[in-house]
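**Q** Generate coordinates for the sequence data below:
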Amino acid sequence: MIISSYNHLKKALDDFEDEALIRLVYVSNISKKSKLDPSLFEHIRSHAEDYNQKNNIKGMLCNNQTYFLQCLEGTKQALLPLMDNIFQDDRHSKIKVKLLKPIEHYSFDDWRMRSLNLDDRLWLKDSLQAKSPELRKFIPFKPLEWSEWFMEYFLETMQNFDNINQSYDSQPGSYNVVQDSNGTITSLFDSTLLHRVLLAMVVILLLIILRNNAVI
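**A** Residues are numbered from 1 along each chain as shown. All right, here's what the predicted structure looks like:
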C-alpha cells in the first residue's frame, strides 16, 4: 500500500473513528532547497514537537541525505491535519505513506527527532553507528524499497536501540549529533562546516599552484 496524496490518505481513513489510534509511516525526499538550509532540522523540531505534544502524537523522525522517514502514532483527528501540512510542506517532495494501520497502544514513549543520521558516509570507524551491527542492516538507507514487514522491523529496532544504547542531546540545533561514552560525532553534511572546509582546501590548493609557478 502506497498513498501519495492527502486526498487518498483521507479516503483510506474514512472507515476509522476520529478517536481511533493509528500508526502512520511515510517516506519523503528532502527537497533540493532544504538540503542547503543549515537550520532545516531545528525548524522541524521546534514546530513538530509543539504540535505533537499538544495532540499526544508519538513516534520518530530520521533521515539520510536523500530521505525523511517519519513514524507517527496518534488519533485520526490529530494525524489528518498534520499530514495535510506535511503534504503541502515544500521541504518534502514525493511523499509516500508506506504504512497505515490501526493500533491498540502506542509503541513510542514520545515524539522527537532521533539524533541519528542514517547516511552511510557518516559511519566513521569509531562512531556509535559503526559499533551497532543491528543498524547496519538498514544501510544503505532506501526506505522506499522496503516491504511492510521490513519497515516494522526497522521501527522495532530503532525503539530498542533508542531505549538501550543511545542518549540524546535535546537542545535546539543538536540534530544529527550522536553521543556515547567515547565522545561526540557531529555530521558535517547538515551544517556549514563542510563548505568552509572545502573552501579552505581550494584556497590552499591555489596557493600551492601559484607558489610552484613562481618557482618555475
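**Q** Residue ranges in this structure under the pLDDT threshold?
**A** Applying pLDDT under 70 to the chain flags the ranges 1, 36, 38, 114-132, 161-195, 215-216.
**Q** most centrally placed residue in it?
**A** With distances taken as C-alpha atoms, centre = their mean, residue 62 lies nearest the centre of the chain, 2.1 Å away.
**Q** Is residue 202 in a helix, a strand, or coil?
**A** Per DSSP: H, G, I helix; E, B strand; the rest coil, the secondary structure class of residue 202 is helix.
**Q** For it, the count of nearby residues, please.
**A** 10 (other C-beta atoms under 10 Å). All C-beta spots, glycine's among them, are computed from the backbone N, C-alpha and C.
**Q** The helix or strand residue 22 falls within - contacts with which helices or strands?
**A** Secondary structure from DSSP states H and E places residue 22 in strand 21-30. In terms of contacts (3 or more C-beta pairs under 8 Å, 6 or more residues apart in numbering; DSSP states H and E), strand 21-30 is packed against strand 67-75, helix 76-88, strand 92-102.
**Q** hey, which of those is tucked in deepest?
**A** Neighbour counts (mean count of other C-beta atoms under 10 Å) averaged over each of these peak at strand 67-75, with a mean of 22.
**Q** Quick one: the strands in the protein, in order.
**A** Assigned by DSSP state E, the strands in the chain fall at 21-30, 58-63, 67-75, 92-102, 111-117, 177-180, 183-186.
**Q** Lovely, talk soon.
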